[in-house]
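1. Following is a predicted model, sequence given first.
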Amino acid sequence: MIRLRNVTRDRNQLVYLILIVGVLLFPVLAGFVSPGDSGNYLLGQAADAGVYVLLAIGLNVVVGFAGLLDLGYAAFFAIGAYTYALLASGQLNSSPLHHAIHLPFWILLFVAVIVAATAGVILGAPTLRLRGDYLAIVTLGFGEIVPKLFLNLSQWTSGVNGVSALDYPSLPIWIEGPWVGSSLSIVRGFSFAFNSMAYYWLMAILVLIVVILVSNLQRSRLGRAWGAVREDELAADAMGINTVTTKLLAFSIGAATSGFAGVFYGSKLSLVSPENFSFVVSVTILVMVVLGGMGNIPGVIVGALAIYYVLFNVLTNLPANAKGIANAVGLGFLNRPAAGGWPGLEQEVQRLNFLIFGLILISIMLLRPQGLLPSRVRKEELEKGVAE
Amino acid sequence: MSIALQRTRSIANGRLGSLLLLLALCVVLIVVGQRVLSGGLSFFIQILVFGLANGAIYGLVALGYTMVYGIIELINFAHGDLVTLGAFIGLAFFPIFGLVEGKDLGIIGVAALAAVFLIAMVLTGGINVLIERVAYRPLRNSPRLAPLITAVGMSFVLQGIMYLWKGAFQIHVPDILPGTRLPLGPGASVGVKDLIVIAIAVVLVIGLNLFIDRTRLGKAMRATAQDRDAAQLMGIDINRTIAATFFIGAVLAASAGMIRGLYFNTVNFSDGYQLGLFAFTAAVFGGIGNIQGAALGGLFIGLVKAYGDAYFSSAWTDVYVFAILILVLVFRPSGLLGMRVPEK
């Protein structure tokens, strides 16, 4: 028993180690694999993947730790992103306010966290006494309402066009100050705009901070309370845990994390529009959490990276790759449209994307229902067959 | 002591809740009433019929959600796509049975349409049984979210298949139902189409109720939904019963898809997503696991949507529907007709 615990704990540490080494080596690797601009592209993608890692860690607090099914998590992501979009762009100039606000990125990180957490409390306070799946549907409804609000309040948010030309983060003045014009050329004339390397490291630091905070929370009194509420709410209540506050904290901490991710997302893309926060996004994040292994932070990170890679790299490049392979092995005729409605291999594979992603989800879940790197408790539950 | 305390608290909550709900209802009624009065009665009735026809479709879909949830506690995300799949399958059989636009239906036409309905229903049902066998049954004893993810995956797969089959276009469904309208007082009229839709839905819901109340299999379903282990101990074949539930759910979904196609004369491979979302909302609204509740919830959602579109703006309809849902659940946590199940 004790040995088992040590091994699994070691495995988590191993995963962390691999992740850290990977993060450190990735820029070198990206530059090596495709030097010049395209390496930058890879780094940018990695930074985008980091957004999903943050989201997955945040949702893991809600779903994995506290056992609350949240199907509208993208709503808080949207709230974070729009907080940044409105307070760090010229957008409010064309709104009824007639005055643009340009707050710095670093302050807005905290503002968005507070705004998103508040939204979490506002939604959570009246609804958290609902049982399991009723809560799921309420969060789903919230997830549908929030993007619609941003869509419909078009005099503030430009509706379907979204808010564009968001400010890029800039280094705080106390870092730039004394070195400007000196030989420290990294800092001199430094700008985040189109600088994937800068975003990459910024994201790495954000993820690191969130991982440290959340895993400390998991080991704290609150983390144990989450576990107790998840396993048996009635018993937890009887043991003197305030279940409502406990669940509310999980909800708002999850929301806060996604607000964090939203600010980064907005600043990197420099564009925020309502359709980026649909139900599909919520489901994708949930898939990352469940697939990685609910309740286990390194598992969730791995799940997020894996799904991101499949969705935004493998599947998006698949049509072009299929075309290339067909050409290479002498089946080039497949690439031309033919009689009988054959649109050419590239288009055909493009059409298959949805199907392939669905099949991947199903087969991974069937093969590893507990997720890729399950938490210790859940694994034992599954092996010993403890019912819900 | 603590139980007694809790009870008084919940009663107090209930009173305050009811009061607030009543107040909100009054405000809404006044606003809606004003719009209705300015719109005129005939318009109101027109929308009522449209909303009922729409609601009947939502109700049929919601029944499938509620039955599957009732029996294995799974939110079947693929259910909405079964609706579109049913319509697609039916559409493929239209030309075979000589159902083309612009021809009077006649008795043969009605029989052919019934045959198409039957084929679409049975095929979709069979597909859903297959889906259950492949994607949900192996995960029955896994963590609860695992089948949820495979359901999402199945939804993608079904959409992918339909996309491959017909592409991303709006597909035209032949307009074969009679377009006559029956006059109903001054200025108002009811389409025969609407009546047919409502009638088919009512027949199906009554049939389902009879099936669940009167037959052996229906009894087995109720028993399995109540306590799967105990049902198994009583000699009920759980796997067969659950498969039957999926079959019936898909039959209703396919019929809803066909009706919807004939009513709106257009169908798209991704329609199931929005439809499923609303139907699931309807199921929860009525109290998930409750058959009458799902039908009622469907009608309610249909009406809210129709009146929202007509009197306010269609851009905000989703917001009303989900806001009402959240409000209802806050004050009646188990839906309108749901029972208060004690927590384990």
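-> Yep, that arrived. Numbering: from 1, shown residues only, chains lettered A, B, ... in the order given.
2. so what pLDDT did residue 123 get?
-> Because you didn't say which chain, this covers chain A. A:Leu123 is assigned a pLDDT of 89 by the prediction.
3. um, chain B though
-> 96.
4. try the one 4 residues further on
-> Confidence per residue is given as pLDDT, and for B:Ile127 that number is 96.
5. Run a quick neighbour tally on it.
-> For B:Ile127, the neighbour count with other Cβ atoms under 10 Å in any protein chain shown is 20. (Glycine included, C-beta is placed from N, CA and C.)
6. thinking it is in contact with B:Phe247, fair?
-> No. Using Cβ atoms under 8 Å, B:Ile127 makes no contact with B:Phe247, being 9.7 Å away.
7. Okay, now the unreliable bits of chain B?
-> Chain B contains residues with pLDDT under 70 at B:1-18, B:185-187, B:339-344.
8. mind listing the strands for it?
-> Along chain B, counting by DSSP state E, strands occupy B:171-172, B:181-183, B:189-191, B:266-267.
9. I'd say A:Gln370 and A:Gly293 touch.
-> Yes. Contact criterion Cβ under 8 Å: A:Gln370 and A:Gly293 qualify, at 6.7 Å.
10. Comparing those two, which shows the higher neighbour count?
-> Neighbour comparison, A:Gln370 and A:Gly293: the larger count goes to A:Gly293, with 25 against 21 (by other Cβ under 10 Å).
11. who's in contact with that one?
-> Taking Cβ atoms under 8 Å, 6 or more residues apart in numbering or on different chains as the criterion, A:Gly293 is in contact with A:299-300, A:302-303, A:370-375, A:378.
12. Buried ones among those residues?
-> Buried by 16 or more other Cβ atoms under 10 Å in any protein chain shown: A:299-300, A:302-303, A:370-375, A:378, out of the contacts of A:Gly293.
13. mind listing what B:Thr124 touches?
-> Neighbours of B:Thr124 in contact, by Cβ under 8 Å, 6+ apart: B:82, B:85-86, B:89, B:250-251, B:253-254, B:257.
14. Let's see that with 7 Å instead.
-> Residues counted as contacts of B:Thr124 (Cβ atoms under 7 Å, 6 or more residues apart in numbering or on different chains) are B:82, B:85-86, B:89, B:250-251, B:253-254.
15. Keep only those of the residues you listed that are in helices.
-> Judged by DSSP state H, those include B:82, B:85-86, B:89, B:250-251, B:253-254 as members of helices.
16. For the residue in the stretch 1-150 of chain B that chain A sits nearest to, give me the backbone phi and psi.
-> Residue nearest to chain A within the stretch 1-150 of chain B: B:Ser142 (3.6 Å; Cβ to the nearest Cβ). Per-residue torsions, B:Ser142: phi -90, psi 180 (degrees, to the nearest 10).
17. That one and A:Pro369 touch, don't they?
-> Yes. Judged on Cβ atoms under 7 Å, B:Ser142 makes contact with A:Pro369 at a distance of 3.6 Å.
18. Neighbour count: those two, which is higher?
-> Set B:Ser142 next to A:Pro369 and count neighbours by other Cβ under 10 Å: A:Pro369 wins out with 20 against 17.
19. Correct me if wrong: that one contacts B:Arg140.
-> No. Taking Cβ under 7 Å as the definition, A:Pro369 is not a contact partner of B:Arg140, at 10.1 Å.
20. list the contacts for the residue lying closest to B:Asn209 once chain neighbours are set aside?
-> Excluding the flanking residues, the one nearest B:Asn209 by Cβ to Cβ, 6 or more residues apart in numbering or on different chains is B:Ile291, at 6.4 Å. Residues counted as contacts of B:Ile291 (Cβ under 7 Å, 6+ apart) are B:63, B:66, B:208-209, B:212.
21. got the contact list for the residue nearest to A:Phe65 when sequence neighbours are not counted?
-> Using Cβ to Cβ, 6+ apart and skipping residues adjacent in sequence, the residue nearest A:Phe65 is A:Trp226, 4.2 Å away. Applying Cβ under 7 Å, 6+ apart, we find A:Trp226 in contact with A:65-66, A:246, A:250.
22. Work out for me the element A:Trp226 sits within.
-> helix A:221-231 (DSSP states H and E).
23. I'd like the mean pLDDT over that helix, please.
-> Rounded mean pLDDT across helix A:221-231 is 91.
24. Check stretch A:130-143 too.
-> Mean predicted confidence for stretch A:130-143 is 84.
25. What residues of that stretch count as buried?
-> Going by 16+ other Cβ under 10 Å, stretch A:130-143 has these buried residues: A:130, A:133-143.
26. now do stretch B:28-35
-> Under 16+ other Cβ under 10 Å, stretch B:28-35 has no buried positions.
27. which residues are contacting that stretch?
-> B:Tyr311.
28. Now do it: distance to the chain's middle.
-> 27 Å (Cα atoms, centre = their mean, to the nearest Å).
29. Could you show which parts of the stretch 1-150 of chain B are in contact with chain A?
-> B:75, B:135, B:138-139, B:141-146, B:149-150 (Cβ under 7 Å from any Cβ of the partner chain).
30. again, only using 6 Å
-> Within the stretch 1-150 of chain B, the positions near chain A by Cβ under 6 Å from any Cβ of the partner chain are B:135, B:138-139, B:142, B:145-146, B:149-150.
31. Among those, which pair sits farthest apart?
-> Largest separation among the residues of the stretch 1-150 of chain B next to chain A by Cβ to Cβ: B:Pro138 and B:Leu145, giving 14.9 Å.
32. who's more crowded, the two?
-> Taking other Cβ under 10 Å, B:Pro138 and B:Leu145 do not tie; B:Leu145 has more neighbours (23 against 16).
33. measure the residue nearest to that one when sequence neighbours are not counted to A:Thr284 for me?
-> In space, and not counting its chain neighbours, B:Leu145 is closest to A:Val290: 4.8 Å by Cβ to Cβ, 6+ apart. Look at A:Val290 and A:Thr284: by Cβ to Cβ, to the nearest Å, they are 11 Å apart.
34. Also A:Ser252?
-> According to Cβ to Cβ, A:Ser252 and A:Thr284 sit 22 Å apart.
35. what about B:Ala220, neighbour count?
-> Neighbour number of B:Ala220 under other Cβ under 10 Å is 21.
36. hang on, it packs against B:Ile238?
-> No. The criterion here is Cβ atoms under 6 Å, and B:Ala220 misses it with B:Ile238 at 8.8 Å.
37. what about the residue nearest to A:Leu318 when sequence neighbours are not counted, how many residues close to it?
-> In this structure, A:Leu318 finds its nearest non-sequential neighbour in A:Val349, 5.5 Å apart by Cβ to Cβ, 6+ apart. Residues lying near A:Val349 (other Cβ under 10 Å) number 18.
38. what does A:Ile325 give?
-> 12.
39. before we move on, what about A:Tyr168?
-> Residues near A:Tyr168, counting by other Cβ under 10 Å: 16.
40. Could you do A:Ala81 as well?
-> The burial count for A:Ala81: 33, using other Cβ under 10 Å.
41. now do B:Asp104
-> For B:Asp104, using other Cβ under 10 Å, the count is 7.
42. For it, what are phi and psi?
-> According to degrees, to the nearest 10, B:Asp104 has phi -70, psi 140.
43. Next: A:Val163.
-> The phi/psi pair for A:Val163 (degrees, to the nearest 10) is phi -100, psi 130.
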